[in-house]
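A.B. asks: With the input below, show me the fold.
(chains A and B)
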Amino acid sequence: MLRDLSLDIGPGVTALLGPSGSGKSSLLRLLNRLADPDDGTVRFKGEDVTGLDPRELRRRACMVPQLPAPLPGTVADNIRYGPGLFGRAVGVERPLELAGLTRLYADREADQLSVGEQQRVMLARALALEPDVLLLDEPTSALDDYTKRGVERTLAELADHSGLSMVLVTHESGQAERMADRIVELRSGRIAR
Amino acid sequence: MRINVTLLEVAASLVLVGLAAAVSYWRRADLEKDLGVAVLRSFLQLTAVGYVIQAIFDSDSLWLVVLLLAVMVGFGSWTARRRAREVPGALPPIVLGLATAAAVTLALVLILGVFDPKPRFLVPVGGMVIGNAMTAAAVALNRLADEVRSSRLQIEATLALGATAAEAARGMVTRSLRSGMIPLIDSTKTTGVVFFPGTMVGMLLAGADPIDAVRLQLILLWTLMGSVAISAVLATTLGYRGFFTSAHQLRELPPKER
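C.D. replies: Below you'll find the predicted structure:
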C-alpha cells in the first residue's frame, strides 16, 4: 500500500494526513512494528527497528488505537497492565491526570465508560508506559465534536508540557493544522506534500 | 460371548437411512447425496477396518497395533486440519496433540492395569481416544480462529502495549481450550440419563452383563476426558502461534469462509 516513501519524523507533533486508504495507519503500524514493510527500513532514533526488541520498541513508541479496546477490569487494571508486562508497578493517578481524567475513574469498569472516556483511558494506559513517542491512530474519529475538542486540548497540553513527541494520524486537515508542528500528507500510499 | 450379525440384518437398517433421505427430500434439505455417500463410505471403511482389526487380532502383534494407531493419528490430524483450516500452520500442533493424547492415555491405562496389553483392548480404546482427541482439537482450534478474528483490535491494542503474542492471546487460548473440552464433559454429565453411550450399547446388544457394560463404559468415558484435555491443550497452546510472527505481530487473516 505504501510506496516510494522516505520520511524523517522529528520531535514535536507530526500529523500524517490523508483520506481513508491513503496508507497513514499502515505507516503508523510500521513505526512500532505491528507490521513490517515488504521492502525498506524503518529506523527509531537511528536504529533499524528489526534489530530492536519489538516489545521495548512498542513501549517507547506507544500506540493509542483508533477505537478504544479496553481490557476486562477497572480503569486502574487497564493502566497497570502495560507496565506490569515489564515487571513495573505504577501509580494510576498521574497517567489519569495527564489523560484528563480524575482519580475517581480508577475503580470504574473500563467497558462501562463512554467512548470518549474510554479513549482517554487508552491514552492514560499508553502514558503509564512512559513512552518517548505517542502514536495516535485517529484518536478522535469515534468522538463527537465536543469530546473531540476536549481530547485535542489534552493532547496539546501533553505535547507542550511533557516534551513527548507525537505522530498523529488524521483525515481532518483542520485537526492536523490545529495540533501539528508539521504535516505529512499521504495520498495513495505516497507523500503528497 | 459371540454374536453373529448377518448382512441381511445390516441391510435392513437401511430403511432408516431411507427415512432420513425422505425427510431431506420432503424439506428440500438437499442431503440425499450426502446420505448416500455417508452410507457407502461407512460400509466400505468399517468393513475394511473390520478385516484389518481381525488380522491384527489374529497376529496378536503390538507393532501392528502401533502402526494402525499411527495411521489413525495421521487421518485424524488431516481431518481436524481441514476443519480448522483458518488456523495458520495448524497441522503440527494437531499431530502432536493427537499422538500425545493416544500415547499418554494408552500408557496410563496399561500402567494402571485397567487393560491388558492386547490388541483386543488397545485397538478399540486407541480408536476412541484418537477420535475424541481429533474432535476436541478441531473444535478448540476453530474457536481460537473465531476468537482471534473477533478480537483483532483487542489483540493489536495489547501487543501495542508491549505484550508478547502469548500474553495477547492468553484469554483466547483458555476459552478455546474450554470449548474443546466442554462437549465431552457435558455428554459425560448426561450419560445414562439422556443417552446411552456407544460402548455400553454395544456390550448390552452383545449380551454382556449390564453392570459390566456400565463399568467398562465409565472407564472409557473417564479415560477420554484425559485424552481430550491433552489434545485440546496442546493444539491451542501451540496452535495460537500460527496467528503471530516471531516479532509478536498479528498476521493478516484470510476472509472468513461461509
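A.B. asks: tell me what the helix or strand hosting residue B:95 is packed against?
C.D. replies: Of the helices and strands defined by DSSP states H and E, residue B:95 is found in helix B:91-111. Counting contacts by 3 or more Cβ pairs under 8 Å, 6 or more residues apart in numbering or on different chains; DSSP states H and E, helix B:91-111 packs against helix B:62-83, helix B:119-150, helix B:210-239. To be clear about C-beta, it is placed using only N, CA and C from the backbone, and glycine gets the same treatment.
A.B. asks: contact partners of it?
C.D. replies: B:69-70, B:72-74, B:76-77, B:80-81, B:84, B:115, B:117, B:122, B:125-126, B:129-130, B:133-134, B:137-138, B:141, B:219, B:223, B:226-228, B:230-236, B:238-239, B:242 (Cβ atoms under 8 Å, 6 or more residues apart in numbering or on different chains).
A.B. asks: ditto for stretch B:157-173
C.D. replies: In contact with stretch B:157-173 (Cβ under 8 Å, 6+ apart) are residues A:32, A:34, A:55-56, A:58-59, A:62-63, A:65, A:69, A:71-72, A:81-82, A:85-86, A:122, A:125-126, A:129, A:135, B:144, B:147-148, B:151, B:155, B:236-237, B:240-241, B:243-244, B:248-250.
A.B. asks: Just give me the neighbour total for residue A:12.
C.D. replies: Residues contacting residue A:12 under the criterion other Cβ atoms under 10 Å in any protein chain shown number 13.
A.B. asks: how close does it sit to residue A:181?
C.D. replies: 4 Å (Cβ to Cβ, to the nearest Å).
A.B. asks: residues in contact with the nearest residue to residue B:183 once chain neighbours are set aside?
C.D. replies: In space, and not counting its chain neighbours, residue B:183 is closest to residue B:139: 6.7 Å by Cβ to Cβ, 6 or more residues apart in numbering or on different chains. Listed by Cβ under 8 Å, 6+ apart, the contact set of residue B:139 reads B:179-180, B:183, B:232.
A.B. asks: change it to 10 Å
C.D. replies: B:80, B:83-84, B:176, B:179-184, B:228, B:232, B:235 (Cβ atoms under 10 Å, 6 or more residues apart in numbering or on different chains).
A.B. asks: which residues of chain A fall in strands?
C.D. replies: A:13-17, A:43-44, A:47-48, A:61-64, A:133-137, A:165-170, A:182-187, A:190-191 (DSSP state E).
A.B. asks: longest helix anywhere in chain A?
C.D. replies: Ranked by number of residues, the top helix in chain A under DSSP state H is helix A:145-162.
A.B. asks: For that one, name the packing helices and strands.
C.D. replies: Contact here means 3 or more Cβ pairs under 10 Å, 6 or more residues apart in numbering or on different chains; DSSP states H and E; on that basis helix A:145-162 packs against strand A:13-17, helix A:93-98, helix A:115-127, strand A:133-137, strand A:165-170, helix A:173-179.
A.B. asks: and residue A:76, how far is that from chain B?
C.D. replies: For residue A:76, the distance to chain B equals 15 Å [Cβ to the nearest Cβ, to the nearest Å].
A.B. asks: My guess is that residue contacts residue A:105. True?
C.D. replies: Yes. Here residue A:76 reaches residue A:105: they are 8.5 Å apart, a contact under Cβ atoms under 10 Å.
A.B. asks: who touches the one helix or strand residue B:199 maps to?
C.D. replies: If you go by DSSP H and E, residue B:199 is part of helix B:198-205. Helix B:198-205 has contacts (Cβ under 10 Å, 6+ apart) with B:1, B:3, B:5, B:124-125, B:128, B:191-192, B:195-196, B:208-210, B:212-221.
A.B. asks: quick check: mean pLDDT across that helix?
C.D. replies: Mean per-residue pLDDT for helix B:198-205: 90.
A.B. asks: list residues touching both of residue A:12 and residue A:181?
C.D. replies: A:159, A:165-166.
A.B. asks: just how off-centre is the worst-scoring helix or strand of chain B on mean pLDDT within its chain?
C.D. replies: Ranking every helix and strand in chain B by mean pLDDT, DSSP states H and E puts helix B:198-205 at the bottom, with a mean of 90. Centroid separation for helix B:198-205 versus its chain: 20 Å, with Cα atoms, centre = their mean, to the nearest Å.
A.B. asks: One more: stretch A:56-74?
C.D. replies: 8 Å.
A.B. asks: If you count neighbours, what's buried in it?
C.D. replies: By neighbour count on 16 or more other Cβ atoms under 10 Å in any protein chain shown, the buried set for stretch A:56-74 is A:57-66, A:68-71, A:74.
A.B. asks: can you check stretch B:166-182 too?
C.D. replies: Buried, per 16+ other Cβ under 10 Å, within stretch B:166-182: B:167-169, B:171-173, B:175-177, B:179-181.
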